[in-house]
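Trainee: coords please:
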Amino acid sequence: MRKKILLIQPENEKINRFRRKQFNNFVQITMPYLAGFIDESKYQITLVDEYRQRIPFRQSFDLVAITVNTPNAYHCYQIAEKFRAKGAKVVMGGPHVTLLPEEASRHCDSVLIGEAEETWPEFLEDFHLGKERAVYRSEGIPDLKNLPLPRWDLLKRNGLMKGAVFATRGCPYRCAYCNLKQIYHDRFRVRPIPEVIREISLMKSKFFVFWDDNFFADKAHAIELMESLKPLGKKWAAQVTLADCNDDELLKRAREAGCLYLFVGLESFSPSALRGVNKGINRVHSYRDIVGKLHKHRIMIQAGIVFGFDEDTPATFGHTLEACEELGIDGVTVSLLTPLPRTPVYAGMKEQRRLLNEDWSMYNGKTDVVFNPRNMTSEQLFEGYLNFRRRFYSLPSFIRRMKVSRTHLFYNFIMNLGYRLALKR
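Mentor: So this is what the prediction gives:
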């Protein structure tokens, strides 16, 4: 008899209230990819993305698998305890489990530490035989070749959810607030291009995102992939570094391959703030030229902005808004600095006793300040952040920015309107 397995892609309730109102929502890829590894002659699969579905607590399962990020860790633990009380075994993996496996192991039967391409199939076989272990650790660097196709057919979706794929994994940089180095073994890798193209060609969505941390990191791979994308006629977005956007060849190839916008982590307009978090690769004096270059190639920029660096003051919010409008920044993803566990920023703040709490549900970068800022109060930081979001996505700011950008005005309007509506409480 086949064992019943439930795969859960959990949401953070605070973030979900904002996310569900956005026009562009990209599917989360972890569980559909892991479902592709499951032998259906041994397991009956149910996949739930909590963004769109309720978790079926009334149903019985032999095994429940949960991927855990720091902001939803406590929520995941509650889910696990409910299913364990009904007799199900629970296995957890994901970034938070990799960073804090001892904590996670108190709430489940098995933990998968690190990348799952090798440990997940091993665990599934062990569980089927009734000899699963408490800890599975990815010791090496998993090969990204010949991965099974993700099981999008198991996922309930709506018209606002767009496709997603990954072509690379990892990032060569060492930003002090980022935990990728601890998760991905300090190794950047690429997937075979034919396999990536096959996945994209099977997508029903005409617009998708590359869930890569640094899509342009391997220039030759990116160029070959974008050349292969052209015949598919799809529109797409990706995350890249500022320095790579200074490359006309990459931008030209991206535009020709259907790139609509690029997410670029500007983070701050303060050189000292950037140096303080080891992001000195961003040269503030080059922002204007590079943003102009993106617009010249008809590519929008979605800029990542972070507030809460030690150099930030109450005046930073207004200065940042003025700079964004002068440069014609099309959209922003604005966040509060969040000292994620096992990062240098977290270690420094903990040593300085600046952390206000370690309630992981508040470590989402959107709804709470979890540390004492250096040059303002936590209340000033939060109010300044909220005010910046409201002002940036106001109609007057949109008009000022579009006078400079002049790029994909209709889509730009829709994207900005979506964010504005999502921000309304």
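Trainee: what about the strands in the stretch 201-350 of the chain?
Mentor: For the stretch 201-350 of the chain, the strands defined by DSSP state E, counting those that start in this stretch occupy 207-210, 235-240, 259-267, 300-307, 331-336.
Trainee: average model confidence for the third one?
Mentor: Strand 259-267 carries an average pLDDT of 97.
Trainee: so what secondary structure elements neighbour that strand?
Mentor: Contact here means 3 or more CB pairs under 8 Å, 6 or more residues apart in numbering; DSSP states H and E; on that basis strand 259-267 packs against strand 235-240, strand 300-307. C-betas here are computed from N, CA, C, even on glycine.
Trainee: which residue sits closest to the most centrally placed residue in the chain, ignoring its sequence neighbours?
Mentor: Here the mean C-alpha position of the chain is nearest to the C-alpha of W211 (CA atoms, centre = their mean), at a distance of 7.1 Å. Leaving aside its sequence neighbours, W211 sits nearest to F166 (CB to CB, 6 or more residues apart in numbering; 4.7 Å).
Trainee: contacting residues around that neighbour?
Mentor: When contacts are counted by CB atoms under 8 Å, 6 or more residues apart in numbering, F166 is found next to I29, R191, F210, W211, D212.
Trainee: ok, now S361?
Mentor: Going by CB under 8 Å, 6+ apart, the list of residues near S361 reads N12, K14, P71, N72, A73, Y74, H75.
Trainee: now it: how far from I8?
Mentor: Separation of S361 from I8 (CB to CB, to the nearest Å) stands at 17 Å.
Trainee: same question, H221
Mentor: When H221 is compared with I8 (using CB to CB), they lie 33 Å apart.
Trainee: of those two, give the one with the bigger neighbour count.
Mentor: Taking H221 and I8 together and counting by other CB atoms under 10 Å, I8 has the greater number of neighbours (25 against 19).
Trainee: can I assume that one sits in a helix?
Mentor: No. Under DSSP: H, G, I helix; E, B strand; the rest coil, I8 falls outside any helix and is assigned strand.
Trainee: apart from its neighbours in sequence, what residue is nearest it?
Mentor: In this structure, I8 finds its nearest non-sequential neighbour in I66, 4.8 Å apart by CB to CB, 6+ apart.
Trainee: the one you found: neighbour count?
Mentor: 27.
Trainee: is it fair to say it lies in a helix?
Mentor: No. Counting by three-state DSSP, I66 is located in no helix; its state is strand.
Trainee: ok, it - contacts?
Mentor: Residues counted as contacts of I66 (CB under 8 Å, 6+ apart) are I8, P10, C76, I79, A80, V90, V91, M92, G93, G94, C108.
Trainee: thought the third one was touching M92?
Mentor: Yes. The pair formed by C76 and M92 meets the contact definition of CB atoms under 8 Å, at 6.8 Å.
Trainee: what is the nearest of the contacts of S361 to G318?
Mentor: Closest to G318 out of these is K14 (26.4 Å), distances taken as CB to CB.
Trainee: that older thread, state the phi and psi torsions of the residue nearest to the centre of the chain.
Mentor: In terms of degrees, to the nearest 10, the main-chain angles of W211 are phi -80, psi 40.
Trainee: distance check, it against F26.
Mentor: When distance is defined by CB to CB, W211 is 7 Å away from F26.
Trainee: swap in E103?
Mentor: From E103 over to F26 (counting by CB to CB), the distance is 29 Å.
Trainee: tell me which of the two has more neighbours.
Mentor: Taking E103 and F26 together and counting by other CB under 10 Å, F26 has the greater number of neighbours (19 against 16).
Trainee: residues in contact with the residue lying closest to D213 once chain neighbours are set aside?
Mentor: Closest residue to D213 in three dimensions, ignoring its sequence neighbours and counting by CB to CB, 6+ apart: C171, at 4.3 Å. Contacts here follow CB under 8 Å, 6+ apart; on that basis C171 touches C178, L180, Y184, F188, D213, N214, A217.
Trainee: equivalent analysis for A65, please.
Mentor: With contact taken as CB under 8 Å, 6+ apart, A65 is in contact with I5, L6, L7, I8, M31, L34, V90, V91, M92, G93.
Trainee: can you do 10 Å?
Mentor: Under the criterion of CB atoms under 10 Å, 6 or more residues apart in numbering, the contact partners of A65 comprise 5-9, 30-31, 34-35, 38, 47, 89-93, 108, 110, 112, 116, 120, 123-124, 127.
Trainee: then D312?
Mentor: Applying CB under 10 Å, 6+ apart to D312 gives the contacts 268, 270, 273, 306, 319-320, 337, 373-376, 380-381, 384.
Trainee: ok, G94 next?
Mentor: Contacts for G94 were tallied using CB under 10 Å, 6+ apart; they are 9-10, 30, 66-70, 72-73, 76, 104, 111-113, 116, 183.
Trainee: any idea of the pLDDT on it?
Mentor: Confidence per residue is given as pLDDT, and for G94 that number is 96.
Trainee: quick one, helices of the stretch 101-250 of the chain?
Mentor: Across the stretch 101-250 of the chain, reading from the start of the chain, the helices by DSSP state H, counting those that start in this stretch fall at 101-105, 116-129, 180-183, 193-201, 219-229, 248-256.
Trainee: out of those, which is closest to K156?
Mentor: Here helix 193-201 is closest among those (CB to CB), at 19.6 Å.
Trainee: hmm, which of the contacts of C171 is lowest in pLDDT?
Mentor: Between the contacts of C171, the one the model trusts least by pLDDT is Y184, at 77.
Trainee: excluding its backbone neighbours, what's nearest that one?
Mentor: Leaving out its chain neighbours, Y184 is closest to G170 (CB to CB, 6+ apart), at 4.3 Å.
Trainee: neighbours around that neighbour, how many?
Mentor: A count of nearby residues for G170, using other CB under 10 Å, gives 21.
Trainee: so it touches H185, yeah?
Mentor: Yes. Taking CB atoms under 10 Å as the definition, G170 is a contact partner of H185 at 8.0 Å.
Trainee: now do the shared contacts for those two.
Mentor: What both G170 and H185 touch, as defined by CB under 10 Å, 6+ apart, is the set E115, I141.
Trainee: mutual contacts of W211 and F26, please.
Mentor: Once CB under 10 Å, 6+ apart is applied, the residues that W211 and F26 both contact turn out to be A164, V165.
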